[in-house]
Every structure is written in structure tokens, then in C-alpha cells.
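# when you get a sec, could you give me coordinates for this:
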Amino acid sequence: MDQYIIKGGNPLVGEVEIAGAKNAALAILAAAIMTDDTILIENLPDVRDINVLLEAISEIGAKVDRIDRSTVRINGSTIQDISVDYEYIKKIRASYYLLGALLGKYKKAEVPLPGGCNIGSRPIDQHLKGFRALGAQVDIINGAIVAKADQLHGSHIFLDMVSVGATINIMMAASMAPGRTIIENAAREPHVVDVANLLNCMGANIKGAGTDVIRIKGVEKLHGTEYSIIPDQIEAGTFMFAAAATKGDVMVKNVIPKHLEATTAKLEEIGCEVEEFDDAVRVVASKRLRRTHVKTLPYPGYPTDMQPQIAVTLALAQGTSIVTESIFENRFKYADELARMGANIKVEGNTAIIDGVPKLSGARVSAPDLRAGAALVIAGLAAEGITIVDDIVYIQRGYENFEEKLRSLGAEIERVSSEKEIQKFKLRVG
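Numbering: from 1, shown residues only. Here you go, the predicted structure:
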């Protein structure tokens with residue numbers, strides 16, 4: 001199994017280019033099969049989750065033509081099968097977007113219950129409630145969600161909780177359901193807006209994406225288009241915190257600063273200088289950082305996917321910080337790993353109390369999930385000595401060229417897969 005080996009202590013300095021948003025891309029790839037015309041998608045991140053979903057789409061019969069690393073052409077006219085294989089679902093949770101896409105287009109879909117990162121229960125009851133409101137019969141049979149309808153129709157749907165997945169899935173199905181659909185208490189995340197923009201480019205009639213009320217007028221059919229995915233705000237935020245934790249100076253390019261406001265506000269609060277440009281953000285950390293409190297919330301609040309990264313940074317800040325996780329209950333599994341590196345972090349329920357320490361020291365740690373894995377890499381970059389991060393398959397699910405981008409900023413990090421390579425790295429870095 002691959003690991004990262006890191007020699008910490010170097011401030012990250014330079015420029016880094018951010019890839020397309022993984023969470024937007026997953027839903028956009030599913031939406032692309034909703035027409036019989038060809039869809040060209042650009043600025044696709046080259047990460048494992050995307051590649052697995054493209055395989056799943058290909059497996060049900062769609063034509064998938066990978067033009068280059070960040071561009072794909074999809075044609076859904078040849079789809080034979082509305083049943084998605086469990087092999088894909090257990091690898092990535094977002095395969096459930098094929099439910100909304102297939103149900104909208106073919107009025108039937110069969111997708112196994114999802115897998116993905118183990119960060120807590122992510123119930124799909126809101127998705128099913130939405131599909132039923134649109135006129136589908138939804139059952140769970142042999143571990144799969146089976147949805148079918150003679151005819152979908154518009155409906156007024158109030159989500160019991162803000163759910164990005166449910167908002168997108170219902171929006172896809174409703175875009176081809178005759179009549180008007182209103183989704184209230186809708187998620188407002190940038191990738192919800194991105195999916196709505198793509199569907200509108202395909203001929204859908206969706207208004208209000210980015211607010212908590214989305215209005216959809218169903219259309220008979222969708223058509224082909226070309227579309228470029230928004231930059232990944234979580235990848236951008238990860239590099240911003242890597243700059244902060246290592247006392248660096250990093251220009252993060254190809255971003256939409258508006259999407260980063262919650263992250264930027266916290267960085268400024270703890271003592272970083274943040275400079276915004278049209279499509280870039282520069283983060284400079286020249287002195288020891290200060291404590292703060294943070295609570296994760298749906299967008300535009302502080303993102304749950306940025307919670308482990310700020311916790312690692314606060315582990316090195318002066319004073320006591322409190323991090324409250326209000327979205328997922330299992331999001332602090334990295335705390336024990338961080339403690340092995342000398343952090344003073346205590347978890348009580350959905351809260352972590354962090355007493356900042358002057359320095360972390362390298363250790364062997366294991367990535368429990370995607371974002372926590374990236375955060376442990378940041379800890380390794382900031383720590384004294386050598387850190388080895390196991391289970392980096394999680395990290396590769398969501399970060400394109402992670403180690404190459406970090407090396408371009410001066411990090412000493414390598415992907416290794418044997419004891420021999422570890423020894424070679426240790427000899428090289430002294």
C-alpha cells in the first residue's frame with residue numbers, strides 16, 4: 001500500500017494551481033447522461049473518485065471519451081442498463097447521483113446503497129422523500145434503491161435538513177418532471193449552483209440555485225453542451241491552511257475567492273495575512289498563530305470538509321481553541337493520530353478542545369478519511385522530523401497531484417510503497 005513520507009519543517013512558498021471541484025464534477029458527470037446528445041466537460045479533476053464514476057457511467061452503456069486529464073466527452077444515448085453495479089457504489093458515495101439522473105431521464109433507476117468515506121451516517125431519506133414527492137415509487141430491495149415512475153410530476157418539497165446530495169438529486173430528477181417543482185430549505189453550496197448551471201446550459205429551467213428556495217419548471221428533453229467545472233474550494237482551502245501551518249507564503253491560483261470567504265475569515269482571525277485577487281488568494285503566515293473557535297455549518301458557513309485542516313493548524317496556535325462539528329458525527333477520528341505527533345487535543349462528543357503547542361514532531365500516522373488524511377499531511381509538513389502517513393488511498397480520492405503540488409512549494413514529500421523506499425528517502429534528506 002502506498003504511503004506518504006514527509007520531512008517537515010520547510011515553510012511552503014510559491015504558487016499552486018487548483019483543479020476542478022471534485023464534488024461538483026461528480027454530480028455534473030451524472031447529469032451529463034440525461035441527454036442523448038454529447039456533453040463536453042472541462043476542468044475535470046484527475047482523482048480516483050472521478051475515474052471510478054466514469055467507469056460506472058461507461059458500464060451502464062454510455063460512451064465515455066477521456067480526451068485528456070481534465071476533459072471528457074460523454075454521450076448517454078447508448079445507455080442499456082439503469083442498474084448500477086455495487087462495485088462502484090462501495091468505492092464512492094456520489095454514485096447515488098445516478099439515481100436522480102436515470103430517474104429523470106428513464107423514469108426508473110436502481111442503485112445500491114452508497115459507500116465512501118467513513119465520517120458518519122449520511123442518511124439518504126431526504127433523497128427518497130424528494131423522489132416520492134415527484135411521483136416515483138421508491139423501495140429498498142436487496143440492498144439497492146429501486147425507483148420507478150410511470151410519469152414524474154412537479155411538486156413542492158421541503159427538506160427536513162439541508163442536504164447537498166438530496167438537493168442535487170431532486171433537482172436533476174425534477175428538471176425533466178412536467179410541471180413546477182419548488183425545493184425549500186435547499187443547500188446553497190457552490191457545487192449545487194454549478195450543477196444547476198450545467199442543467200440550464202442543457203435546456204433545463206432552474207432558478208434560485210445558491211439560495212434556499214430552488215424553482216424548477218420541468219422540460220421534455222435536454223440537449224448537448226460544453227461546460228467547465230468550477231475550481232475546488234476545498235483543495236484551495238487545504239493549501240491555504242498548509243501555508244498557515246508551515247509559516248509559509250502561498251499564492252493559490254484558479255479559485256473563486258467568494259467561495260472561500262468562511263475559510264479566509266478564519267485564517268485572518270488566527271493571524272494570517274490574506275490577499276484576494278480576481279481568481280487567486282495569497283496566504284502569508286509570518287508569526288505564531290492565535291487561537292479561535294470554529295463551528296462547521298452548511299454553506300455559506302464554515303465547511304465540514306475544512307474542519308480537520310483548521311484543527312491541525314490550531315494545534316500549533318497560541319492558546320486554547322474549540323472546534324465544533326455540527327454536520328458529521330465521526331469527523332474527529334484523526335485526533336488520536338494528531339496526538340501521536342504531540343498535539344494536545346481532547347474530543348468530547350462533537351467538540352474538540354485544542355491547547356496549542358509550540359511544535360509537533362514526526363510520527364507514523366494513518367489517514368482515517370479523505371480530508372483528515374490531507375490534514376495529517378499538513379501536520380507532517382509543519383512537524384519536526386519524519387512523518388509517514390498510511391492509507392493515502394483516501395487522499396488520492398480527492399486531491400489531484402497532491403505530492404507534486406506540495407513539492408513545487410518546497411515540501412519534502414514522496415509517495416512510497418516499500419521499506420526500502422522509506423530508507424532511501426531518509427538517507428536523502430539526512
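# make sure residue 323 is indeed in a strand.
Yes - applying DSSP: H, G, I helix; E, B strand; the rest coil, one finds residue 323 inside a strand.
# pull the CA atoms of the helix or strand residue 4 falls within into CSV?
Using DSSP states H and E, residue 4 maps to strand 3-7. The C-alpha coordinates for strand 3-7 follow below in CSV (Å, rounded to 0.1, in the frame of the first residue of the first chain):
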residue,chain,number,x,y,z
GLN,A,3,2.3,5.9,1.9
TYR,A,4,3.5,9.4,2.1
ILE,A,5,6.8,10.1,3.8
ILE,A,6,7.4,13.7,4.8
LYS,A,7,10.3,15.6,6.3
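# quickly run through the sheet partners of it, with directions.
When pairs are called by DSSP bridges, strand 3-7 turns out to pair with strand 386-390 (antiparallel), strand 412-416 (antiparallel).
# of those, which is nearest residue 200?
Of all those, the one in closest proximity to residue 200, counting by Cβ to Cβ, is strand 412-416 (40.0 Å). In this view, the C-beta of every residue, glycine as well, is placed from N, C-alpha and C.
# and that closest one, what's its mean pLDDT?
Averaging pLDDT along strand 412-416 gives 98.
# got the contact list for it?
Under the contact criterion Cβ atoms under 8 Å, 6 or more residues apart in numbering, strand 412-416 has outside partners 2-8, 10, 377, 380-381, 392, 403, 406-407, 421-422, 425, 429.
# what about 10 Å?
The contact list for strand 412-416 (Cβ atoms under 10 Å, 6 or more residues apart in numbering) reads 2-10, 377, 380-381, 386-389, 392, 395-396, 402-407, 421-425, 428-429.
# lowest average confidence, helix or strand, in the chain?
Lowest by mean pLDDT, DSSP states H and E among the helices and strands of the chain is helix 86-89, with a mean of 80.
# who are the packing partners of the helix or strand following that helix?
Counting by DSSP H and E, the next helix or strand C-terminal to helix 86-89 is helix 97-106. Applying 3 or more Cβ pairs under 10 Å, 6 or more residues apart in numbering; DSSP states H and E, we find helix 97-106 packed against helix 22-31, helix 48-59, strand 108-112, helix 125-133, strand 144-148, helix 164-174, helix 190-201.
# 6 Å - rerun?
helix 22-31, strand 108-112, helix 164-174 (3 or more Cβ pairs under 6 Å, 6 or more residues apart in numbering; DSSP states H and E).
# please work out which of the strands paired with strand 3-7 is packed deepest.
Here the criterion is mean neighbour count by mean count of other Cβ atoms under 10 Å, and of those the winner is strand 386-390, at a mean of 21.
# check which residues of stretch 195-207 are buried.
Going by neighbour count (16 or more other Cβ atoms under 10 Å), the buried part of stretch 195-207 is 195-200, 202-204, 206.
# tell me which two of these sit farthest apart.
Longest distance between any two of the buried residues of stretch 195-207 is 14.4 Å, between 195 and 203; criterion Cβ to Cβ.
# you'd agree residue 272 is up against residue 287?
No - using Cβ atoms under 6 Å, residue 272 is not in contact with residue 287, being 9.4 Å away.
# those two: who's more crowded?
Comparing residue 272 with residue 287 by other Cβ atoms under 10 Å, the one with more neighbours is residue 272, at 24 against 10.
# tell me where the model's unsure across this protein.
For the chain, the stretches flagged by pLDDT under 70 are 115-122.
# returning to what we had before: of the contacts of strand 412-416, grab the buried ones for ChimeraX.
Buried residues among the contacts of strand 412-416 (16+ other Cβ under 10 Å), as a ChimeraX selection:
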select :3,4,5,6,7,8,10,377,380,381,386,387,388,389,392,395,396,402,403,405,406,422,425
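# rewinding a little: now tabulate the strands paired with strand 3-7 in CSV and tack on distance to residue 69.
Rendered in CSV, the data for the strands paired with strand 3-7 read as follows (distance: least, Cβ to Cβ, whole Å):
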stretch, distance to residue 69
strand 386-390, 24
strand 412-416, 18
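# helix/strand/coil for residue 11?
coil.
# dihedrals phi and psi, it?
Reported as degrees, to the nearest 10, the phi and psi values for residue 11 are phi -70, psi 140.
# residue contacts, the closest residue to it other than its chain neighbours?
Of all residues not flanking residue 11 in the chain, residue 248 sits nearest, at 4.1 Å (Cβ to Cβ, 6 or more residues apart in numbering). Counting by Cβ atoms under 6 Å, 6 or more residues apart in numbering, residue 248 makes contact with 11-13.
# ok, now residue 97?
Taking Cβ under 6 Å, 6+ apart, we find residue 97 in contact with 27, 30.
# try it again with 7 Å
Taking Cβ atoms under 7 Å, 6 or more residues apart in numbering, we find residue 97 in contact with 26-27, 30, 168-169.
# now do residue 101
Residues in contact with residue 101 (Cβ under 7 Å, 6+ apart) are 30-31, 33-34, 172.
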